[in-house]
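Enquirer: need the 3D shape of this:
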Amino acid sequence: MTYRMIFNQTGYFGRGAIAHIAPEIARRGLTRAFIVTDPVLADNGTATRITDLLDKAGIGWEIFSDVVPNPPIEKVQAGLAAFRASGADVLIGLGGGSPQDTCKAISVIATNPDFEDVLSLEGLSPTTRPGVPIIGVPTTAGTASETTINYVITDTSKQRKFVCVDPHDIPVLAIVDPDLMDGMPRSLKVATGLDALTHAIEGYITPGAWELSDALCLRSIQMIAANLRAAADGDADAVEQMGLAAYINGMAYSNVGLGLVHGMAHPLGGRYNAPHGVANGILLAPVMAFNAEHTGEKYRDIAEAFGVAGARTMPLDEARVAAVEAVAQLTRDLGNPTRISEIGVEADGVDALTDDAFADVCTPGNPRPATREDIKALYTSLL
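Expert: Below you'll find the predicted structure:
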């Protein structure tokens, strides 16, 4: 058995890390940046913190801020046109998963123009050339797009999200600066934190996991269990730890895959525009329960990471129950929805969700194979 791991060339971590952006651009001989972000970050001064550094260094820039949640094909194409007109030679993805994913799609299509339809990038993208260099600058502690080879785009015509997996899209530089994360609304910290936890747990239990990915995912679970509640309530040290935890598990799940939680969450985003982390939070504990008997000793590790007393010595079936309940309790404590009916799903929508989830690229990575009937039963149980 052989394993492949693809990581960033360079990363900077900690408060003030954005100071390294301009020197790294200059070091690479690049001269003009195209910043992909959303309207909130363009208006609240976050983008200005980056452009001020570029101005000081004499580096030109342009901003594309027309990114929306669950980014659709049309926004990618609009951003691509603006990038081509800008004369830029480096991209900066500034924000959460939506700006980062839009940025990645622009990057790979700019150097692989045969994929301008965007849809043809789905799955294991068959591009042949590295994308335009990307600097990933997250403002949330969730998707870890700054270190992954994945991105997710929405096909609004079919109300579905699709995953693209492509080593050509990985940022050449990651800047994980918690100074940019402190001001997130509590709801966003909760949603992105649950997304990070889902990445860590699914990356830990997927059949493709191995020793290196296990080490990364388990450490991330420990960090999230210890810090997410405090980070949501504004503790600065906990916010910093969450940023690191998201990056750590991003290195793992990007390479080993995810599972049924993401397979079922993507349709909730595509059909109901549910925030991705919110959807993951609803599904994580129930899908963990569904998978429990197919995870060996790993739920014991998860229970121990959450501080469950006696997790190392209790019977395995009890440890599995304890791990699921620890995750469910965290979700409740954070105030995330726990039922899909809370985000607008009704019984007559379950069949379409089921078909989409069964076909999703993440679903085969689940440790327990899931039939259509299994998926429908899970959705129905959460109405």
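
Enquirer: Gly269: neighbour count?
Expert: Look at Gly269: counted by other C-beta atoms under 10 Å, it has 22 neighbours. Placement of C-beta: from N, CA and C, glycine included.

Enquirer: how about the contacts made by it?
Expert: 70, 154, 161, 275-276, 279 (C-beta atoms under 8 Å, 6 or more residues apart in numbering).

Enquirer: with adjacent residues omitted, what lies nearest to the residue nearest in space to the middle of the chain?
Expert: Note on the chain: the residue nearest the mean C-alpha position is Thr143, at 2.1 Å, using C-alpha atoms, centre = their mean. Spatial nearest neighbour of Thr143, chain neighbours left out: Gly97 (3.6 Å); criterion: C-beta to C-beta, 6 or more residues apart in numbering.

Enquirer: please tell me how far the one you found sits from Asn273.
Expert: In this view, Gly97 and Asn273 are 14 Å apart by C-beta to C-beta, to the nearest Å.

Enquirer: what about those two, which has more around it?
Expert: Gly97 (26 against 15).

Enquirer: next one: that one from Asp348, what distance?
Expert: Gly97 sits at a distance of 29 Å from Asp348 (criterion: C-beta to C-beta).

Enquirer: on that earlier part again, now render the contacts of Gly269 as CSV, adding secondary structure and distance to Met242.
Expert: Formatted as CSV, the contacts of Gly269 follow (DSSP: H, G, I helix; E, B strand; the rest coil; distance: C-beta to C-beta, whole Å):
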residue, secondary structure, distance to Met242
Asn70, coil, 22
Thr154, strand, 26
Lys161, strand, 24
Pro275, coil, 17
His276, helix, 16
Ala279, helix, 19
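
Enquirer: nearest to Gly58, of the residues you listed?
Expert: Asn70 (36.7 Å; C-beta to C-beta).

Enquirer: the closest one contacts Lys161, correct?
Expert: Yes. Judged on C-beta atoms under 8 Å, Asn70 makes contact with Lys161 at a distance of 6.5 Å.

Enquirer: give me the common contacts of the two.
Expert: Overlap of the contact sets of Asn70 and Lys161 (by C-beta under 8 Å, 6+ apart) consists of 152, 154, 269-270.

Enquirer: just the buried members of the residues you listed?
Expert: Neighbour counting with 16 or more other C-beta atoms under 10 Å marks 152, 154, 269-270 as buried within the shared contacts of Asn70 and Lys161.
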